[in-house]
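# need a structure here:
(chains A and B)
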Amino acid sequence: MSARDLRMVCWLALVAVLATTMPAPVHSQQELFEQGNQLYQQGDFAGAVEAYRAVRTAGWEGADLHYNLGNAHFKAGELGRAILEWERALVLEPGHADALANLGLARSLTADAVEPLPRFWLFQLVSWWVHLLPRSILIALVAGAWLALATGVVARVLAGVTQVGVWGGRLALIGGAVVMVLGVNLLVREFGIGRPDRAVVLADVVSVRSAPAADDDLTLFEIHEGTRVRVDQRAGAWAEVVLDDGKVGWVSTDVFEEI
Amino acid sequence: MRSAPDRRRSVMLLAACVGALGLGPTAAWAQDVGVRAYLSPGTTVGVGRPFVLNVEVTGTQSLTEDPELPDLGDFAQFLGSGRQSSMQMVNGRTSVSLTIQYRFQALREGTFEIPAFPVRAGGQTRRTEPLRITVTATPPPQGGGAPGAAPSGAPAVGAEDLFVTAEATKSRVLDGEPLVVEYRLWTRVDVSSYNFTRLPEPRGFWAQDVTPTGQPQVEQLTRNGQQYTTAVIRRLALVPTGAGERALEPLGVEAQVRVRRQDPFRDPFGDFFGRSSLFGSTVVPAAVLSNPLTIAVEPLPAGRPEPFSGVVGRLTLTAELDRDSVATNEAVTLTVRARGEGHIRGIPNPTLGLPSDFEVFPPEVTESVRPFGPGLSGEKTFEYVLIPRAPGQRQIPAITFGYYDSGAGAYRTAVTEPLALTVSGTAIEGPGRITRGGVAQLREDIRFIHLGSASLRPAGRVLFDTAAFWIFALLPLAGIVGAVALRRHRDLLEGDVAYARGRRAGRVARKRLAEARKLSAGTDVRAFYAEVARALRGLVADRLNLAEAGLQISELAARLTERGVDAGTVGEVRAVLEHCDRQRFAPPGGDTMEKERFLERAATLMSALDREIKR
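Modelled structure (predicted):
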């Protein structure tokens, strides 16, 4: 295959990919979002919830969208849903400062004061590292390193053992290292590797039972709206949930919504 | 008073003993409940003397609830209460009773009615009979006279034996003039302890308790021709807070008096069951009231100087600064001291009248007051922290306070000296007046929504689903592939045949030598030598990038010498090639051993050439 053929194939592939994955019109969703913002500012929180949800239903998401939706729910008095949406905003953007602040306030208003178990320091370190950079910066860094790697290799191939070639080799080496380290980070983030299935309780009061059965004698304890749980396994309409403090029990799947 | 319960208790004990011996198994327990109220020692008591309101319940010992007494606060002070229960057995009939004793101290002369009140006992409610009590100025004869009182097993304490007096240093004072009231306990009997039953609030006075701390100092004094043991039990410093007639209500005291039993053999059980009958003496409570006092408070004459300190007595004022020069914005302490006799504690904070560029903080006030003669004396200190905000020679003006000199009977004014203060430095319109503090959170709310456009992306789609990612990921790879292709293309164009031949030369020569070795075993001598010659020729040609065909020996040798190959090696090449040429015409067969040796010679030569051309 000659270099010319290769270039041709690349362009064709680019056009094909762009044609098939071009997203639905963004601007109409932006209008909906801004409409939601206006309703919120006018104090129509239920209307704002509707508008934001419409954006979500159209198949779009974003940290700010979930954040604003959480605010609207909170102002409309739906504490559990507010916490749920803010948690979703945090999944998309782990360092969302406003979502973190609002969650802090909302958690203080929930009925359950759950003391989280201490985590092993190594896991904490890894989690810190994985969520250190905002997604956009992480992507930009990986992309930049990837470009540097390719440029370095091209320079090395074309210039041979000249000064330019040697510098190209070094550039390729550094770029490769960054791609390896941050690329793994990005992979973990994008695929949610090791991220547990979390959910937020939306029902007012939920009896947590020792087995997946609607028997009041099996009730172990009660949790309330807004409490965050980890969903471990499911059996029909039941799910085994783990509280942040390690308490385990079964609840019906319709009392919570996954983050 | 004490002997009646004692006797009853002993009777009860006897009855219980008899009951225990089995004489009363058929006793009828069910009885009607009866309630009776009576006074002891009698219906007449002296002012300040104690009396007991007894509530006797017969037929049961279980009170449903404590009886609710009518309010006797009008004429009597409640001292305390006690209970006695008894059980009697007469001819097989058992009767039980319970007596509650409420002790009071009579406060006022007159005849008073104690109204009937209900008593709930044994599940039934009974009403007592109303009672009358007469409180007289002189107590009725003690020691067994009063009806209903206890037979005088123990002596009562007479009014002459124990009393309390209240004495004021002055009975006429001016408004604001302090006086001291002393309460003194006089006794001819052995008082083991006492406590106050009534501490009246002195109305219309500012009061301070100036009782000496610790044990009261006991003295021996003569009063009305009698020798008494006496002690001051309470001392009050009073300052009237308005003109008019002021009455001080009497003070109530209950003393525990140790008395000698008059007839220790009359009640043998008393020794055992009495509260204290050791060495033939017993402790008797005795309640007494002090005399009331009336103080006439006269208003101060008109024309009082302002600002008035409120002091009636004497007053001196001093003021001082802790230093006489200070830098701008630095603190200096101004101490104002008021010293004198009278109600020093009541002096208000002085007004300083400072220049406006002084910042003044509220003063720290310390005071010490003690009784002095008929009144009070003491000192009150005001410590002001001043901060001058502008430089210059400053003066702190004189501070004045008016007071009424009770000795001279006229108003006077206490004045301090004005104080000079040198303030150095420059005026700074500084942040000194602004008090800094943290930002106070008034209310908590969630943060506001994010306005403007949101960065939206299709839900659930990760980065690796996007075309842009793959284009971006693959384009550099395409670039690398392109670069490699370009490099190869350039290499081809440059066509470095010599480099390629040179790299292949050794390999080709070795192949040809191997061919020759095969031929050495055969009979074709010509072919063998031709092959060796080809190997050697080919090696040199490839190494030097010459055309192999038609390469003459002389030309070959010349080129080798050009490349700086050793003359010996060049000669050897020439010799080997010429030998090969000669052997081409040799007959077939020949010596195999010789062929082997020649092959060896050619191989040695070729490795020498290889080394030398490379060099």
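
# secondary structure class for B:Thr213?
When classified by DSSP: H, G, I helix; E, B strand; the rest coil, B:Thr213 comes out as coil.

# please report how far it lies from chain A.
Summarising the geometry, the distance separating B:Thr213 from chain A, computed by Cβ to the nearest Cβ, to the nearest Å, is 53 Å. From N, CA and C alone the C-beta is placed, and that goes for glycine too.

# go on, B:Val135?
Remark: distance between B:Val135 and chain A (Cβ to the nearest Cβ) = 67 Å.

# and the pLDDT for the closest residue to chain B within the stretch 51-200 of chain A?
In the stretch 51-200 of chain A, the residue that lies nearest chain B is A:Ala150 (2.9 Å; Cβ to the nearest Cβ). In this prediction, A:Ala150 carries a pLDDT score of 92.

# count the neighbours of it for me.
For A:Ala150, the neighbour count with other Cβ atoms under 10 Å in any protein chain shown is 22.

# so which bits of the stretch 151-259 of chain A are right by chain B?
If contacts are counted using Cβ under 8 Å from any Cβ of the partner chain, the residues of the stretch 151-259 of chain A sitting beside chain B are A:151, A:153-154, A:157-158, A:186, A:190-191.

# residue contacts, the residue lying closest to the residue of the stretch 51-200 of chain A closest to chain B once chain neighbours are set aside?
Using Cβ to Cβ, 6 or more residues apart in numbering or on different chains and skipping the chain neighbours, the partner closest in space to A:Ala150 is B:Pro476 (2.9 Å). Going by Cβ atoms under 8 Å, 6 or more residues apart in numbering or on different chains, B:Pro476 touches A:146-147, A:149-151.

# still on that earlier bit, assumed the residue of the stretch 51-200 of chain A closest to chain B was part of a strand.
No - read with three-state DSSP, A:Ala150 is helix and lies in no strand.

# how far away is the closest residue in space to B:Leu293 that isn't next to it in sequence from chain A?
Distances taken as Cβ to Cβ, 6+ apart put B:Leu248 closest to B:Leu293, at 4.1 Å, once the chain neighbours are dropped. Here the criterion is Cβ to the nearest Cβ. By it, B:Leu248 lies 60 Å from chain A.

# grab the nearest non-local neighbour of the residue of the stretch 1-150 of chain B found nearest chain A.
Of all residues in the stretch 1-150 of chain B, B:Glu65 sits closest to chain A, at 44.4 Å by Cβ to the nearest Cβ. The shortest distance from B:Glu65 to any residue other than its chain neighbours is 5.5 Å, reached at B:Arg120 (Cβ to Cβ, 6+ apart).

# tell me the buried residues in the helix or strand hosting that neighbour?
For B:Arg120, the host element (DSSP states H and E) is strand B:118-121. Of the residues in strand B:118-121, those scored as buried under the neighbour-count criterion (16 or more other Cβ atoms under 10 Å in any protein chain shown) are B:119-121.

# one more: stretch B:188-203?
For stretch B:188-203, by 16+ other Cβ under 10 Å, it's B:189, B:191, B:194, B:197-198, B:202.

# in strands, which of those residues fall?
When those are checked against strands (DSSP state E), the matches are B:191, B:194, B:197-198.

# how about a markdown table for those, with distance to A:Gln124 and pLDDT added?
As requested, these are arranged in a markdown table below (distance: Cβ to Cβ, whole Å; pLDDT from 0 to 100):
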| residue | distance to A:Gln124 | pLDDT |
| --- | --- | --- |
| B:Val191 | 77 | 83 |
| B:Tyr194 | 73 | 84 |
| B:Thr197 | 71 | 81 |
| B:Arg198 | 72 | 79 |
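
# for those, which one is nearest A:Phe120?
Within these, the smallest distance to A:Phe120 is 72.1 Å, found for B:Thr197 (Cβ to Cβ).

# so what's the residue count around residue 85?
Using chain A here. Around A:Glu85 sit 29 other residues, with neighbours defined as other Cβ under 10 Å.

# nope, chain B please
15.

# ok, it to A:Gln163 distance?
In this structure, B:Ser85 and A:Gln163 are 119 Å apart, going by Cβ to Cβ, to the nearest Å.

# hang on, the earlier thing: residues in contact with the residue nearest to B:Leu293?
Taking Cβ under 8 Å, 6+ apart as the definition, contacts of B:Leu248 comprise B:166, B:168, B:181, B:200, B:202, B:292-295.

# the longest helix in the chain is where?
With no chain named, the answer covers chain A. With residue count as the measure and DSSP state H as the assignment, chain A has helix A:163-191 as its longest helix.

# correction: the question concerned chain B.
Residue-count comparison of every helix in chain B, with assignments taken from DSSP H, identifies helix B:467-494 as the longest.

# for the next helix or strand after that one, give the mean pLDDT please.
Downstream of helix B:467-494, the next assigned helix or strand under DSSP H and E is helix B:497-520. Along helix B:497-520, the predicted confidence averages to a pLDDT of 75.

# same check on stretch B:118-136?
Averaged across stretch B:118-136, the pLDDT comes to 82.

# ends of that stretch, what's the gap?
End-to-end span of stretch B:118-136 (Cα to Cα, to the nearest Å): 28 Å.

# buried sites along that stretch?
Within stretch B:118-136, the residues that count as buried by 16+ other Cβ under 10 Å are B:119-122, B:126, B:128, B:131, B:133, B:135.

# ok, these vs A:Leu122, which is closest?
Distance from A:Leu122 was checked for each of the buried residues of stretch B:118-136 by Cβ to Cβ. The minimum falls on B:Arg120, at 75.9 Å.

# ok, the residue lying closest to A:Gly169 once chain neighbours are set aside - contacts?
The shortest distance from A:Gly169 to any residue that is not its chain neighbour, by Cβ to Cβ, 6+ apart, is 4.7 Å, and that residue is A:Arg156. Contact partners of A:Arg156, counting by Cβ under 8 Å, 6+ apart, are A:165-166, A:168-169, A:172.

# over to A:Arg198?
Here A:Arg198 is in contact with A:87, A:228-231, A:258-259 (criterion: Cβ under 8 Å, 6+ apart).

# and B:Leu474, how many neighbours?
14.

# pLDDT wise, what is it at?
We note a pLDDT of 89 for B:Leu474 in this prediction.

# distance of it from B:Ile480?
Counting by Cβ to Cβ, the separation of B:Leu474 from B:Ile480 is 10 Å.

# which stretches of chain A have low pLDDT?
Within chain A, the stretches falling below the threshold (pLDDT under 70) are A:1-10, A:12-26.

# now the helices for it?
Ranges of helices within chain A are A:3-21, A:26-41, A:45-57, A:63-75, A:79-92, A:97-109, A:121-130, A:135-159, A:163-191, based on DSSP H.

# residues contacting the residue lying closest to B:Ala603 once chain neighbours are set aside?
Across the structure, with Cβ to Cβ, 6+ apart as the measure, the residue nearest B:Ala603 apart from its sequence neighbours is B:Leu513 (6.1 Å). Residues in contact with B:Leu513 (Cβ under 8 Å, 6+ apart) are B:532, B:535, B:599, B:602-603, B:606.

# now intersect those residues with the helices, please.
Going by DSSP H, the helices hold B:532, B:535, B:599, B:602-603, B:606 from these.

# what's the farthest-apart pair in the buried residues of stretch B:118-136?
By the measure Cβ to Cβ, these have their two most distant members at B:Gly122 and B:Val135, which lie 34.1 Å apart.

# how about B:Pro67, nearest residue that isn't a chain neighbour?
B:Val119 (4.4 Å).

# list the helices and strands the strand holding B:Arg120 packs on?
strand B:50-58, strand B:124-127 (3 or more Cβ pairs under 8 Å, 6 or more residues apart in numbering or on different chains; DSSP states H and E).

# so how far is the helix or strand following the last one off the chain centroid?
Counting by DSSP H and E, the next helix or strand C-terminal to strand B:124-127 is strand B:131-136. The gap between the average C-alpha position of strand B:131-136 and the chain average comes to 57 Å, counting by Cα atoms, centre = their mean, to the nearest Å.
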